[in-house]
Every structure is written in structure tokens, then in C-alpha cells.
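J.: Structure of the sequence below:
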Amino acid sequence: MSERSYLIARIKVAIAALERGPTADDLACAPHADLWRVMLIDGTAAPVLWAKVTDHPDLGRDDVITSRLIGLDRSAGWARTVSRWYRLGRPFADLDGELATSMGRPGVSVISFSLPGHSPLDDALLLKRLMAAYLERMRRAEP
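T.: Numbering: from 1, shown residues only. The predicted model follows:
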């Protein structure tokens, strides 16, 4: 099997899992992503998560940039990447908002950081469109 065929097959497995939705076991075993933020890889339409992760099977506890984000349900508290499920903790925006309010600057972003090659994606509608377009493209992809 070629590398391309392997990657497409792996992505299709992730899409099938996303379409089924996470089970209680999926989430119980998933790494926990705290202070997470959706980022775009510069020059692409590829969303990823940046987060402080605990219980990651390969990385343990670390700041990570995930594989491509293919699903996100903030209200249910999960995200799906090409490689795995994540349990979502507190979004980065909540911390930023709390600090802004404590500084007497509600509604203003007071924390700034940069990740080389990445830009923040705070538009939920754009994220949804980007993920949907990618899922459709991958469903049609031939190995």
C-alpha cells in the first residue's frame, strides 16, 4: 500500500468515527485539551488545535499542535482530529476574557502569542465550512 493510500484510508476511518460520534469509551480514553485554540496552518485551509494536553498516548502532558481538525462540538466538549478524539477543557478565549475583565478591559483580547506558521481561527462559521469542504473532498478521494 502506498503512503498516499495509507493516509487516505486513515482519514476515512477518522471520518467514519466522526460520523458515528464519540462513545463514552472514546472520550474516557481521549487526551484532555485545555486552553485550546483553533489555528490555521498558514497558506492552507487546514485547521488544527493548539492546546495544553494531558493523557496523550504519545506525548503525555505537553503543549501540542494536533493533526488536522475534522470535527468540533464545543457544547458536547469534544474535538476529532485525523488521529484521535480529544476531550475539550477550557478554551483559550475564556482565559483571555477573564484576564481582560480583571484588567478592566472586557471584550478586548489581552493575551497575544504566535506560533510560527500558524494563525488563530476564531470564526466558528468559517471553521465549520473548512471542515465540511475537507470531509467532502476526502470522502471522494481514491487511494
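J.: Please count neighbours and contacts with C-alpha atoms only from this point.
T.: Fine.
J.: Point out where the chain drops to low pLDDT.
T.: Applying pLDDT under 70 to the chain flags residues 60.
J.: Tell me where it has strands.
T.: For the chain, the strands defined by DSSP state E cover 32-41, 47-56, 60-65, 69-73, 78-81, 85-88, 118-120.
J.: Okay, buried residues for the fourth one please.
T.: Yep, that's strand 69-73 we're talking about. For strand 69-73, a neighbour-count test (16 or more other Cα atoms under 10 Å) marks 69, 70, 71, 72 as buried.
J.: Check the third one too.
T.: Taking 16+ other Cα under 10 Å as the basis for neighbour counts, the residues of strand 60-65 that come out buried are 63, 64, 65.
J.: I'd like those residues as TSV, with distance to residue 1 appended.
T.: Below are the buried residues of strand 60-65 laid out as TSV (distance: Cα to Cα, whole Å):
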residue	distance to residue 1
63	33
64	29
65	28
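J.: Would you mind measuring from residue 51 to residue 3?
T.: Using Cα to Cα, to the nearest Å, one gets 28 Å for the distance from residue 51 to residue 3.
J.: Looking at the two, which has the bigger crowd around it?
T.: residue 51 (23 against 9; other Cα atoms under 10 Å).
J.: which ones are touching that one?
T.: 33, 34, 35, 36, 37, 63, 64, 65 (Cα atoms under 8 Å, 6 or more residues apart in numbering).
J.: Check residue 11 too.
T.: 82, 138.
J.: got it, and residue 89?
T.: Contacts of residue 89 by Cα under 8 Å, 6+ apart are 32, 33, 34, 35, 36, 77.
J.: Buried subset of those residues, written for ChimeraX?
T.: To isolate the buried ones among those in ChimeraX, judged by 16+ other Cα under 10 Å, type:
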select :32,33,34,35,36
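J.: ok, the contacts of residue 89 vs residue 115, which is closest?
T.: residue 36 (13.3 Å; Cα to Cα).
J.: count of residues packed around the nearest residue to residue 139 once chain neighbours are set aside?
T.: Once flanking residues are discounted, residue 139 sits nearest to residue 12: 6.8 Å by Cα to Cα, 6 or more residues apart in numbering. Using other Cα under 10 Å, residue 12 is surrounded by 18 other residues.
J.: cool, the one 10 residues further on as well?
T.: Residues lying near residue 22 (other Cα under 10 Å) number 18.
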